[in-house]
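Peer 1: Predicted model, plus sequence, below.
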Amino acid sequence: MCKSCIQIIFPKILKCSGLPSTDLLCFYKSVIRSVIEYGCVVWHNNLTTAQSDRLEALQKRALRIILHLITLLYNTALAHCEIDSLKLRRNTFQKKFFKQICHTENCLHDLLPPKRDPSVSLRLRHPTIYPIPKVRTNRYCSFINHALQKYQ
């Protein structure tokens, strides 16, 4: 995925096209970033730090090409292009997705455990709507378990 998106298509075709930065940024957001972030709400919590850093490096390289700069500070480029880091976007997408699942009319709502009795929740120090499952490792935790731990 990484190789086909940024390392081949973007630099070779678009860098030499002479398009303005705004058009390159629009292309990046609509085509390249959508491929990088495909299905991220499900697999984001299973990324290692190295994999997450590699995705951020892809975006950094794309921003360097878009802004026609050889060296740049990543945070400055993000602010200039008015976009967020990929990690922040993945976290935001996961929160939104979990909030959507919490609505009873959502078809994935049945994946959530039954809600806690409100009388029990009132006695807890940190009340949550759903019971938090016990998992042995956070690395291979499913999205639902991860979301129940983080986003309630």
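Peer 2: Thanks, I have it.
Peer 1: What is the strand or helix carrying residue 144 packed up against?
Peer 2: Assigned by DSSP states H and E, residue 144 belongs to helix 143-150. Identification of packing neighbours for helix 143-150 by 3 or more C-beta pairs under 8 Å, 6 or more residues apart in numbering; DSSP states H and E yields helix 86-101. Using the backbone N, CA and C atoms, a C-beta is placed for each residue, glycine as well.
Peer 1: what pLDDT, on average, does stretch 58-69 get?
Peer 2: Stretch 58-69 carries an average pLDDT of 84.
Peer 1: just to revisit the earlier point, list the buried ones in the helix holding residue 144?
Peer 2: Judged by neighbour count (16 or more other C-beta atoms under 10 Å), helix 143-150 contains these buried residues: 143-148.
Peer 1: Tell me the first helix or strand C-terminal of the helix or strand of the chain with the lowest mean pLDDT.
Peer 2: Using mean pLDDT, DSSP states H and E, the weakest-scoring helix or strand in the chain turns out to be helix 2, at a mean of 59. Moving toward the C-terminus from helix 2, the first helix or strand encountered (DSSP H and E) is helix 21-27.
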